[in-house]
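[1] return atomic coordinates for the entry below.
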Amino acid sequence: MFSIRFNSKICQLSHFKIINSTSNYCFKRTKVEYVIGVDQGTSSTRAIVFDSKTAKIIASAKVPLQNFTPKPGWVEQNPKEIVSSVKQVLNEVSKVIEQKHPKDSLNKIISCIGITNQRETTVVWDKSNGEPLYNAIVWQDNRTANLCDQIISQFNQNRNYFANKTGLPINSYFSALKMKWLIDNESKVKNAIIQGNCAFSTVDTWLMWNLTNQFVTDITNASRTLLFNLQTLKWDNEICDFFQIPQQSLPQIKINSTNFGVISDGLLKGIPITGCIGDQQAALIGQSCLNQGQSKNTYGTGCFLLCNIGNSISFSKSGMLTTVAYQLNENEKPNYAFEGSVAVAGSGVNWLKNNLGIIENENDFEKLASSVNDSAGVCFIPAFSGLYAPHWREDARGLIIGLSHHTNKAHICRALLDAIAYQTTEIVECIHNDSNIKLTELRVDGGMANNDKLMQFQTDLLNIPIIRSQNIEATVLGAAFVAGFTKGLWNTEILNQINQNQLIFEPKLDQQTRKIKLDIWKSAIKRSLNWV
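    Take a look at the predicted model:
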């Protein structure tokens with residue numbers, strides 16, 4: 001069951017509407033100004049040009065990005081391909097703007113650029129020549145699982161040893177473990193450290209280095225490394241020393257809305273990058289979750305639920321992460337968030353296509369999953385690289401259980417679709433357990449949020465409404481907003497006023513059936529553990 005929500009007394013924009021625009025703030029400027037948002041993701045890179053007065057989308061471009069899996073559990077990308085993909089989409093949208101405004105220079109009409117990126121993915125390079133010393137190790141990579149076990153054993157099996165500082169458990173998901181692996185296993189990296197030329201970073205810093213020649217990161221990306229102290233808002237001396245990562249190899253940390261440098265070459269030379277933010281935090285802003293208790297879930301390559309917990313730090317006892325949500329002003333505290341991270345969502349669909357060959361494309365998946373009423377008792381645990389929140393079990397592995405003579409590929413597809421909703425439900429249960437926050441709705445975005453069957457099953461399991469905005473790609477919108485905020489083009493009042501046309505999915509599953517389904521899921525989870 002779903003309904004469509006429209007608002008009255010609003011000014012029409014392209015992909016969203018702004019209500020109560022009493023100050024007419026967004027219409028005072030007559031000069032044409034554009035803001036570019038760039039979303040460098042795990043599977044693709046995109047750029048969107050927004051009109052600063054109306055937030056109308058003027059141009060967009062997208063290119064795919066290749067992942068390499070040289071060994072089981074390993075996931076890598078070519079750092080140079082990451083940079084070239086960003087430059088390509090910027091070049092493509094720039095040409096569109098030039099065609100629209102042949103008499104104006106790009107520097108006059110493009111005000112600024114905001115960047116958001118896949119988090120935790122780790123790049124290492126030589127600062128003397130800018131050359132990568134190894135492929136980028138992607139966030140999904142779990143080659144450091146044994147290293148994690150060794151470290152945890154040093155702390156009496158306490159994987160949360162650093163959590164009171166970082167908000168994160170000791171897990172291969174986070175950048176510090178990837179950096180430590182590179183130091184221990186790659187002589188080029190070790191030599192660069194000795195020579196003082198080693199640069200460790202997440203993807204945002206690598207992009208800034210190549211676009212602006214600056215060695216900087218933002219506070220949200222820093223908070224995903226396991227090296228960042230949530231209290232001091234700096235790299236933590238004790239943790240850096242423990243992992244033997246010299247702080248001179250780490251970038252300067254900045255707030256999200258500030259000057260990160262100017263583009264050094266190409267069509268956009270001289271245009272400033274004035275915003276940078278991790279992709280899930282960008283989606284939180286893009287979904288206008290600016291108040292305590294507001295939550296969003298992004299259904300992309302993985303699945304990431306963030307709940308804004310305000311400007312006070314709280315730590316989870318149920319497996320949730322505590323992370324920086326955003327910081328827009330130097331003189332204000334950051335906002336923090338509880339986060340539940342699920343490794344496999346859209347990437348599971350790719351696995352069915354590329355590894356099993358039971359579908360040819362994403363449309364096949366949705367058609368097959370929707371062709372059956374349920375999974376016919378099949379449960380799919382997509383723990384290809386272990387389980388993330390709330391379990392944090394790197395010994396878990398993928399499991400398809402409950403097969404019978406009746407099972408066909410439609411049931412397998414439906415079981416994967418259901419698994420995405422089950423994992424999200426576990427995360428929401430943890431938020432309820434860890435705080436006084438009781439979600440009354442969940443805002444959703446990302447490619448898989450377009451799947452009506454998934455959204456209906458999600459609302460049935462959570463027993464709260466699911467709010468799907470017209471702007472499914474909230475991530476790049478958030479990147480553009482933090483950049484526009486720096487330039488004074490947009491402010492937090494405008495962000496709070498965003499209220500897109502919405503499709504609302506409402507629950508219709510009875511409590512007893514809901515409990516039975518969740519109990520079966522939790523039983524299957526237990527069977528996926530202790531495999532490696």
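[2] surely residue 296 is in contact with residue 441?
    No. The pair residue 296 and residue 441 does not pass the contact test of C-beta atoms under 8 Å, sitting 10.2 Å apart. The C-beta positions use only the backbone N, C-alpha and C, and glycine is treated the same way.
[3] these two - which one has more neighbours?
    Comparing residue 296 with residue 441 by neighbour count (other C-beta atoms under 10 Å), the higher total belongs to residue 296, at 26 against 16.
[4] spit out the contact partners of that one.
    Neighbouring residues of residue 296 by C-beta atoms under 8 Å, 6 or more residues apart in numbering: 283-284, 287, 289, 305-306, 442-445, 474.
[5] of those residues, which is the most crowded?
    Highest neighbour count within the contacts of residue 296, by other C-beta under 10 Å: residue 284, with 33 neighbours.
[6] tell me which element it is part of?
    helix 279-286 (DSSP states H and E).
[7] after that helix, which helix or strand is next?
    Taking DSSP H and E as the definition, the helix or strand that follows helix 279-286 towards the C-terminus is strand 295-299.
[8] which helix or strand lies directly C-terminal to that following strand?
    strand 303-310.
[9] and that following strand, what does it pack onto?
    The elements that strand 303-310 packs onto, with contact taken as 3 or more C-beta pairs under 8 Å, 6 or more residues apart in numbering; DSSP states H and E, are helix 279-286, strand 295-299, strand 321-326, strand 335-342, helix 409-434.
[10] how distant is that strand from the center of its chain?
    Going by C-alpha atoms, centre = their mean, to the nearest Å, the spacing between the C-alpha centre of strand 303-310 and its chain's C-alpha centre is 11 Å.
[11] so that strand versus helix 409-434, what angle?
    Going by axes from the mean of the first three to the mean of the last three C-alpha atoms, to 10 degrees, strand 303-310 is angled at 20 degrees with respect to helix 409-434.
[12] from residue 449, how far off is the closest residue to residue 33 other than its chain neighbours?
    Computed as C-beta to C-beta, 6 or more residues apart in numbering, the closest residue to residue 33 that is not its neighbour in sequence is residue 52, at 4.1 Å. For residue 52, the distance to residue 449 (C-beta to C-beta, to the nearest Å) stands at 27 Å.
[13] once you drop chain neighbours, what's closest to residue 260?
    Of all residues not flanking residue 260 in the chain, residue 273 sits nearest, at 4.3 Å (C-beta to C-beta, 6+ apart).
[14] now the farthest one out in the chain, which residue is it?
    Counting by C-alpha atoms, centre = their mean, the extreme residue of the chain relative to its mean C-alpha position is residue 405, 39.0 Å from that point.
[15] which SS state does it fall under?
    Using DSSP: H, G, I helix; E, B strand; the rest coil, the secondary structure recorded for residue 405 is coil.
[16] deepest of the helices and strands packed on strand 303-310, which one?
    Among those, the stretch with the highest mean neighbour count (mean count of other C-beta atoms under 10 Å) is helix 279-286, at a mean of 30.
[17] dump that one to PDB, restricted to CA.
    As requested, C-alpha coordinates have been extracted for helix 279-286 and formatted as PDB (Å, rounded to 0.1, in the frame of the first residue of the first chain):
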ATOM      1  CA  ASP A 279      28.600   9.600   0.200                       C
ATOM      2  CA  GLN A 280      26.300   8.400   2.900                       C
ATOM      3  CA  GLN A 281      26.500  11.700   4.900                       C
ATOM      4  CA  ALA A 282      25.800  13.500   1.600                       C
ATOM      5  CA  ALA A 283      22.600  11.500   1.200                       C
ATOM      6  CA  LEU A 284      21.600  12.300   4.800                       C
ATOM      7  CA  ILE A 285      21.800  16.000   3.800                       C
ATOM      8  CA  GLY A 286      20.200  15.400   0.400                       C
END
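[18] by contact count, what packs against that helix?
    Counting contacts by 3+ C-beta pairs under 8 Å, 6+ apart, helix 279-286 is packed against strand 110-117, strand 295-299, strand 303-310, strand 321-326, strand 335-342, helix 474-486.
[19] residues in contact with residue 350?
    Under the criterion of C-beta under 8 Å, 6+ apart, the neighbours of residue 350 are residue 43.
[20] that one falls within a helix, correct?
    Yes. For residue 350, which was evaluated using three-state DSSP, the result is membership in a helix.
[21] lowest-pLDDT helix or strand in this protein?
    For the chain, scoring each helix and strand by mean pLDDT, DSSP states H and E identifies strand 17-19 as the least confident one, at a mean of 30.
[22] same list (the helices and strands packed on strand 303-310) but as a markdown table, adding distance to residue 454.
    A markdown table is the format used below for the helices and strands packed on strand 303-310 (distance: least, C-beta to C-beta, whole Å):
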| stretch | distance to residue 454 |
| --- | --- |
| helix 279-286 | 17 |
| strand 295-299 | 7 |
| strand 321-326 | 23 |
| strand 335-342 | 13 |
| helix 409-434 | 5 |
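[23] for residue 181, which of those is the nearest?
    Taking C-beta to C-beta, strand 335-342 is the member of these nearest to residue 181, at 19.8 Å.
[24] what's that closest one packed up against?
    If contacts are counted by 3+ C-beta pairs under 8 Å, 6+ apart, strand 335-342 sits against helix 279-286, strand 303-310, strand 321-326, helix 409-434.
[25] quick revisit: what's the pLDDT at the residue farthest from the centre of the chain?
    At residue 405, the predicted lDDT confidence score is 95.
[26] ok, now which ones touch it?
    Per C-beta under 8 Å, 6+ apart, neighbours of residue 405: none.
[27] how near is it to residue 108?
    When C-beta to C-beta is applied, the distance between residue 405 and residue 108 equals 68 Å.
[28] now residue 477
    The span separating residue 477 from residue 108 equals 24 Å under the rule C-beta to C-beta.
[29] measure residue 489 to residue 231 for me?
    33 Å.
[30] the two: who's more crowded?
    Shown here are residue 489 and residue 231; by other C-beta under 10 Å, residue 489 has more neighbours (24 against 10).
[31] need the contact list for the more buried one.
    The neighbours of residue 489, taking C-beta under 8 Å, 6+ apart as the test, are 29, 33, 35, 52, 111-112.
[32] just to revisit the earlier point, I'd like to know which of the helices and strands packed on strand 335-342 lies nearest to residue 257.
    Using C-beta to C-beta as the criterion, the shortest distance between residue 257 and the helices and strands packed on strand 335-342 is 8.4 Å, found for strand 321-326.
[33] and the residue most central in space within the chain, what pLDDT?
    Nearest to the mean C-alpha position of the chain, by C-alpha atoms, centre = their mean, lies residue 280 at 3.3 Å. According to the predicted model, the pLDDT of residue 280 comes to 93.
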